[in-house]
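In: take a look and give me a structure for this.
(one chain, ligands or ions: 3)
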Amino acid sequence: MIQQVKQIALEAGEIIRDGFGKNISFEYKTNESNLVTEIDKKAEAAIINFIKKEFPDHSILAEESGAEQKESEFTWVIDPLDGTTNFAHGLPIFSVSIGIERGGETIYGVVYDVMRDVCYSAEKGKGAFANDRKITVNDNDNLNHSLLVTGFPYNISENPSGAFEKFVSFLKVARGVRRLGSAAIDFCYVAEGAFDGFWEVSLNPWDVSAGILIVREAGGMVTDFSMKEINSSSIQFLASNGKIHKSMVEILQQS
Ligand code: IPD
Ligand code: CA
Ligand code: CA
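Out: Numbering: from 1, shown residues only. Ligands and ions are numbered 1, 2, ... in the order given. Have a look, this model is predicted:
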C-alpha cells in the first residue's frame, strides 16, 4: 500500500510542478494571507479520485473538500499542497502530504517534496525513508548548536499562544531559526537531521499526519509544548531529534 500512496503523491506533485510559475488563479480563504489556488484543488481531486477507485470504502479528510466518513477503519488525511503561499509566489518549497490512519493511529505517511523530487515516507514500525534512503534524526544535544524551524498560522497577527515571544526566545538561544512555509517539509527535515527541532501552533491534521510518523520512525520525538502525547485535539506541535526536546520544552513553557 505504501507504494500506492507514494505513487499518488508523485502524481499530485506532477500536477503541482506543471502549474508552478504559471499564472494560476486563486481565492482567499479566511483572510488575504490564506490562499487556495486552482492547483490545490486539482491536486486534491486527483488524490481523491485515486482513493475512490482503489479504496472506495476508506474515509477521507482532505483540506480543501473536507471529510467523507465511511464505515472503514482507514482514513486518508490529505494536504494536497502544503506551502500554498510559497507556490503562489513562485518560491519552490512546497509538498504533498498524505497520512493514512487506522483506528486513529497513522500507519503510513508520505510527504513529497515536489521541486526537489524527494519522497519522504514511513510505515509504522519500519523506519523512515527519503526516496529509498533510510533517514534518521541527528544526535545534537545542545540547543545552542541547533538549527530550528517554525511556522506561523494565518491568524498570526493575533499572536496565538504567544507565538511572537516563543520565536524571539528561540532566536536568542539557537544557532539559527528558519521559516520555510511547509509544515510537512519541516517535519521531514527534522527526520533527516537537517533541523534539530520544529515547533508550531494551530496546525491542522492534514499538516501533521504524515510528518509526525516520519519523524518518529526516524527516531525523533513529537509531543505538545508540555511534553504530552499528541492527540486529535492537539494544537501545539513540537518535533525534535529527542535530545534537545526537553530544552525546547523549557523555552516554550517560559515564553
Ligand atoms: C501552511 C504551511 C505553513 C504553516 C501554516 C500551514 P498550507 O499550510 O504548512 O508552513 O506555517 O500553518 O497552514 O496552507 O500551505 O497548506
Ligand atoms: Ca498545510
Ligand atoms: Ca494546503
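
In: need the CA coordinates for stretch 236-251. PDB is fine.
Out: What follows is stretch 236-251, C-alpha atoms only, in PDB (Å, rounded to 0.1, in the frame of the first residue of the first chain):
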ATOM      1  CA  GLN A 236       0.700  22.600  19.700                       C
ATOM      2  CA  PHE A 237       3.300  20.500  17.900                       C
ATOM      3  CA  LEU A 238       7.000  20.100  18.900                       C
ATOM      4  CA  ALA A 239       9.100  17.700  16.900                       C
ATOM      5  CA  SER A 240      12.800  17.200  17.500                       C
ATOM      6  CA  ASN A 241      15.700  14.800  17.500                       C
ATOM      7  CA  GLY A 242      14.700  13.800  21.100                       C
ATOM      8  CA  LYS A 243      18.000  15.100  22.600                       C
ATOM      9  CA  ILE A 244      17.000  18.800  22.600                       C
ATOM     10  CA  HIS A 245      13.300  18.100  23.300                       C
ATOM     11  CA  LYS A 246      13.400  19.000  27.000                       C
ATOM     12  CA  SER A 247      15.400  22.200  26.400                       C
ATOM     13  CA  MET A 248      12.900  23.200  23.800                       C
ATOM     14  CA  VAL A 249      10.000  22.500  26.100                       C
ATOM     15  CA  GLU A 250      11.700  24.700  28.800                       C
ATOM     16  CA  ILE A 251      11.800  27.700  26.300                       C
END
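
In: which other residues reach it?
Out: Stretch 236-251 is contacted from outside by 137-143, 146, 148, 161, 166, 169-170, 173, 186-187, 190, 193, 196-201, 203, 208, 211-212, 215, 219-227, 230, 252, using Cβ atoms under 8 Å, 6 or more residues apart in numbering. Where you see a C-beta, it was placed from the backbone N, CA and C, and this is true even at glycine.

In: mind redoing it with 6 Å?
Out: 137-138, 141, 143, 146, 169, 187, 190, 196-201, 203, 208, 215, 220-225, 227 (Cβ atoms under 6 Å, 6 or more residues apart in numbering).

In: which residues of the stretch 51-200 of the chain lie near ligand 3?
Out: Within the stretch 51-200 of the chain, the residues that sit near ligand 3 (Cβ under 5 Å from the ion) are Glu63, Asp79, Leu81, Asp82.

In: apply 8 Å and report the result again.
Out: By Cβ under 8 Å from the ion, the part of the stretch 51-200 of the chain that sits against ligand 3 consists of Glu63, Glu64, Asp79, Pro80, Leu81, Asp82, Gly83, Thr84.
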